[in-house]
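Chemist: Just a sequence and a predicted model for now, questions to come.
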Amino acid sequence: MQLAISSFSRHAFLFATVASIAACGGGSEGATSPNGGSTSGFHMTAKIDGSAFVASNPSLSFANQAVAGGYVLSGLQSSTTAATIITMSLANIRGPGTYPLGVGPQVPGGSVVLAVSTAGWSTPMTGADGSITITSLSPTEIAGTFNFIVTASSSGATPATRTITEGDFRLPVKQLVTIGAIPDNAGSTLSTTANGATYNAAFVQANINTISGSAGNLVIVNSSNTARAFGFTLSNVTGPGTYALGNTPTVTRQMQFSFVSNVLANTWSSLGPGSSGSVIITSMTSTRIKGTFSGVLGPAPGFSSAGTATIANGLFDIGLP
């Protein structure tokens, strides 16, 4: 099985910020919000490496919405020496709750760009670079708290890592287009532990294909973050049930885990010696597949990996194309 490592533009949110500011236009204290009414009470505050960040212009602190469940949150602090912008791009937000930061657009949650003058930092996409807790959400307002870590994404950005804590916001929502309901297949999650270390996928995808002459469907699940990748392939899947890992001339059921930085020495597979495990599909519809998984994976054939990888507490809930 070959895992596809997804890519994600760390600067996409910064471009979204510029576009959003242009859409909102300039303003001053006492201006009206994008949905009407006073901006009084709207805010974004935080501490950046312990120093206070206070969005200084209510007209340029906002949450733009262009798709169902998607929000671009931005706050600008300006001074005579520098402009500091925090931009969070969120996807698949169905309501109040706590969501991870450092994930791609398939995963409920989002990512962050911090810009200070010409220097930029972004969440490194580990799947767990921080979190945002949305305490209230309506078509006109969004409020909550956040914390995250970002790393340098432009030349000359120092220090290499910035830590943002005590984030708090209440922002007006501007719907850029008519917003409908979030599709049932929007948003995917996958998590597990490997030898006790937590793995949260920043990117997740699944496909279910009908194979001519097969007794069932072929299910392929791929996931990754900046450090690791995990996936499994199951043939002859007919619906919810337990599918033991293993291969025969007519059935292929494999699982694989690897470290992105050194795949050759750090890839384990159910094809390796001493492997066992299973995937339990608890729900399978035309729009989503859900379940659990676990296993012990041996060194992948042809790789120099040592020992085994114990996969436990596996959970997946994935929207289908």
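Modeler: Here it is on my side, so go on.
Chemist: Settle this for me: residue 259 is touching residue 228, isn't it.
Modeler: Yes: here residue 259 lies in contact with residue 228, judged by Cβ atoms under 8 Å, at a distance of 5.5 Å. No exception for glycine: its C-beta is placed from N, CA and C like everyone else's.
Chemist: if you count what's nearby, which of these two comes out ahead?
Modeler: Set residue 259 next to residue 228 and count neighbours by other Cβ atoms under 10 Å: residue 228 wins out with 24 against 17.
Chemist: I figured residue 55 hits residue 78, correct?
Modeler: No: using Cβ under 8 Å as the test, residue 55 is too far from residue 78 to be in contact (9.2 Å).
Chemist: neighbour count winner among the two?
Modeler: residue 55 (23 against 13).
Chemist: ok, that one to residue 64 distance?
Modeler: Using Cβ to Cβ, to the nearest Å, we find residue 55 at a distance of 15 Å from residue 64.
Chemist: got it, and residue 157?
Modeler: Distance from residue 157 to residue 64, by Cβ to Cβ: 25 Å.
Chemist: Same question for residue 236.
Modeler: In terms of Cβ to Cβ, residue 236 sits 46 Å off from residue 64.
Chemist: These two - which one has more neighbours?
Modeler: Comparing residue 236 with residue 64 by other Cβ under 10 Å, the one with more neighbours is residue 64, at 24 against 17.
Chemist: and that one, that's in a strand?
Modeler: Yes: assessed with DSSP: H, G, I helix; E, B strand; the rest coil, residue 64 lies in a strand.
Chemist: can you pull the contacts of residue 179?
Modeler: For residue 179, the contact set (Cβ atoms under 8 Å, 6 or more residues apart in numbering) comprises 65, 67, 68, 139.
Chemist: So what's the residue count around the first one?
Modeler: For residue 65, the neighbour count with other Cβ under 10 Å is 21.
Chemist: With adjacent residues omitted, what lies nearest to residue 170?
Modeler: Nearest residue to residue 170 in three dimensions, chain neighbours excluded: residue 143, at 4.1 Å (Cβ to Cβ, 6 or more residues apart in numbering).
Chemist: Kindly state the beta-bridge partners for the one you found.
Modeler: Following DSSP bridges, residue 143 is listed with bridge partners residue 136, residue 170.
Chemist: Give me the distance between it and residue 41.
Modeler: Counting by Cβ to Cβ, the gap from residue 143 to residue 41 is 10 Å.
Chemist: Looking at the two, which one has more neighbours?
Modeler: Here residue 143 and residue 41 are compared on neighbour count by other Cβ under 10 Å; more neighbours surround residue 143, at 19 against 12.
Chemist: Now stretch 226-241: buried residues?
Modeler: Residues of stretch 226-241 classed as buried: 226, 227, 228, 229, 230, 231, 232, 233, 234, 235, 236, 237 (neighbour count, 16 or more other Cβ atoms under 10 Å).
Chemist: Between which two of the residues you listed is the distance greatest?
Modeler: Maximum pairwise distance among the buried residues of stretch 226-241 (Cβ to Cβ): 33.8 Å, between 226 and 236.
Chemist: Can you show me the strands along the stretch 101-250 of the chain?
Modeler: Here the stretch 101-250 of the chain has its strands, by DSSP state E, counting those that start in this stretch, at 109-116, 119-122, 130-137, 141-152, 161-175, 189-194, 197-200, 203-210, 217-224, 228-237, 241-244, 246-247.
Chemist: Which pLDDT value goes with residue 187?
Modeler: Looking at residue 187, its pLDDT reads 97.
Chemist: mind listing what it touches?
Modeler: 69, 91, 92, 94, 106, 107, 108, 319.
Chemist: how about a cut-off of 6 Å?
Modeler: Listed by Cβ atoms under 6 Å, 6 or more residues apart in numbering, the contact partners of residue 187 are 92, 108, 319.
Chemist: Could you do residue 269 as well?
Modeler: The contact partners of residue 269, by Cβ under 6 Å, 6+ apart, come to 256, 297, 300.
Chemist: and with 8 Å instead?
Modeler: Taking Cβ under 8 Å, 6+ apart, one finds 1, 254, 255, 256, 257, 275, 297, 298, 299, 300, 301 in contact with residue 269.
Chemist: Name the nearest residue to the fourth one, ignoring sequence neighbours.
Modeler: The shortest distance from residue 256 to any residue other than its chain neighbours is 4.6 Å, reached at residue 269 (Cβ to Cβ, 6+ apart).
Chemist: helix or strand right after the helix or strand of the chain at the bottom of the mean pLDDT ranking?
Modeler: Each helix and strand of the chain was given a mean pLDDT (mean pLDDT, DSSP states H and E); the minimum falls on helix 12-24 at a mean of 38. Per DSSP states H and E, the first helix or strand lying C-terminal to helix 12-24 is strand 43-48.
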